[in-house]
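Student: missing the sequence, but the structure's below:
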């Protein structure tokens, strides 16, 4: 690539000297600590002990996947979840307890609780890399990291043992690989993409789609390959990723449980297709998009359909209620105004990003594709409480909002981003307080 055509992207932080990585290390520590504190609060009040306490999430089941589930049968939607974390967690807990003496089961659980804060910290570091890569100052990049950290979706689904925080981090990694390949004379090797793609697809099979979107764009616009060649390489990477994912899952499943039946696709839809009376998928998606960062539309506390610890049926149920958006409607002035305002801010940010350098344009267009994919999936497969999937669109929404920080002449909308950070913190506290207070009352 000649100097005349080199894209206007900063040298990659993934290849930077140690001093430039220090801000990322600080961001990791702050993010890890904040998520661990929120997760600890949930654990203290037994929010993690049951199904559907937070927007239909299953932290009680996933915590077992993370910490102790080696030996269970793997399954199609999440083919690596039952072993990719539990094997190192079990080994670490065993060694630690043999050396220092401790309860192995408790050690496994504590290590399982660490996984979400680790991935949350990594996600924010990757975001910092992306934002500085496309030309933002460290201060502006850090402000956008604060938006991510204090987003309502991050303080709820992103702060509990679930597959969604891990998947969200992997999608950000795909975007980081794409953005940091735009100024390279040679693209990242396919092996990096396949390895990252296999891990992400092993967590949730639909993650192969973000991989395809980001890889294709890096080939077509970053490396300027012809469309046919970019499509061919993308098909190769996608196929290799899927084969590696299920080959590893098949071996692990065979060794752990002796069967691979669970890896076969199932026609059973489970909760997919389940709706709430008087609501629709587009209406629910609009509410969830609006409340991804600042939850002005307040969630409701409703009776829990599963008021029992399913992993220990003999235990006394601790919480008989949960937080949900499933019954909310766009039938009030506040909800309609806030939804319109939120979508307008995202649209403004996306427009400003699309008017910038090639890196900004790439971030905007890829984000639009990611958002369209996730919205399209949930328009077809409508879940009872779709805020459970809010981290899927929090990432592309954040990248679009980042366009507000792009300076065009002397104009930027940094004040709006600061307002989102402050609004997220206060509104999230207000939205979560009734749930925490009600849970606290039961502990007295």
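Tutor: It's in. What you see is a predicted model; the values in this text were computed from it and never measured. Numbers count the residues shown, from 1 in each chain.

Student: mind listing the helices for the stretch 151-300 of the chain?
Tutor: In chain order, the stretch 151-300 of the chain shows helices spanning 152-155, 163-180, 190-203, 208-217, 227-257, 281-290, with DSSP state H, counting those that start in this stretch as the criterion.

Student: which stretches of the stretch 151-300 of the chain have low pLDDT?
Tutor: Along the stretch 151-300 of the chain, the model assigns pLDDT under 70 to residues 183-188, 256-279.

Student: swap the cut-off to 90 and go again
Tutor: The stretch 151-300 of the chain contains residues with pLDDT under 90 at 180-191, 218-227, 230, 246, 248-287, 297-298, 300.

Student: just to revisit the earlier point, output the helices of the stretch 151-300 of the chain as CSV; include the columns mean neighbour count and distance to residue 123.
Tutor: Where you see a C-beta, it was placed from the backbone N, CA and C, and this is true even at glycine. Shown next, in CSV, are the helices of the stretch 151-300 of the chain (neighbours: other CB atoms under 10 Å; distance: least, CB to CB, whole Å):
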stretch, mean neighbour count, distance to residue 123
helix 152-155, 27, 9
helix 163-180, 25, 4
helix 190-203, 21, 13
helix 208-217, 23, 14
helix 227-257, 17, 20
helix 281-290, 21, 19
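
Student: looking at these, which is nearest to residue 412?
Tutor: Shortest separation from residue 412 across these is recorded for helix 163-180, at 19.8 Å, computed as CB to CB.

Student: which secondary structure elements does that closest one contact?
Tutor: helix 104-133, helix 190-203, helix 208-217, helix 358-380, helix 390-401 (3 or more CB pairs under 8 Å, 6 or more residues apart in numbering; DSSP states H and E).

Student: name the residues that touch stretch 139-148?
Tutor: Judged by CB atoms under 8 Å, 6 or more residues apart in numbering, the contacts made with stretch 139-148 from elsewhere in the structure are 23, 27, 31, 123-124, 127-128, 131-132, 136, 154, 293, 394, 398, 401-402, 405, 414, 417-418, 420-421, 424.

Student: so residue 79, which of the three states?
Tutor: Local secondary structure at residue 79 is given as coil here, using DSSP: H, G, I helix; E, B strand; the rest coil.

Student: let me know which of the helices and strands packed on helix 163-180 is tucked in deepest.
Tutor: Using mean count of other CB atoms under 10 Å, the stretch among the helices and strands packed on helix 163-180 with the largest mean neighbour count is helix 390-401, at a mean of 26.

Student: so how far is it off the chain centroid?
Tutor: 9 Å (CA atoms, centre = their mean, to the nearest Å).

Student: angle of the helix or strand that it is followed by against helix 390-401?
Tutor: Read in the C-terminal direction, the helix or strand following helix 390-401 is helix 414-443, with elements assigned using DSSP states H and E. Between the axes of helix 414-443 and helix 390-401, defined by axes from the mean of the first three to the mean of the last three CA atoms, to 10 degrees, the angle is 160 degrees.

Student: dump the helices of the stretch 151-300 of the chain to CSV, plus distance to residue 140.
Tutor: Formatted as CSV, the entries for the helices of the stretch 151-300 of the chain read as follows, by distance: least, CB to CB, whole Å:
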stretch, distance to residue 140
helix 152-155, 19
helix 163-180, 16
helix 190-203, 27
helix 208-217, 23
helix 227-257, 31
helix 281-290, 24
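
Student: closest to residue 319 out of these?
Tutor: The stretch from the helices of the stretch 151-300 of the chain with the least distance to residue 319 (CB to CB) is helix 152-155; that distance is 18.2 Å.

Student: does anything pack onto the closest one? Which helices or strands?
Tutor: Identification of packing neighbours for helix 152-155 by 3+ CB pairs under 8 Å, 6+ apart yields helix 390-401, helix 414-443.

Student: the closest residue to residue 23 other than its chain neighbours: neighbouring residues, count only.
Tutor: With CB to CB, 6 or more residues apart in numbering as the criterion, residue 23 has its nearest non-adjacent residue at 5.6 Å, and that residue is residue 138. For residue 138, the tally of surrounding residues (other CB atoms under 10 Å) stands at 14.
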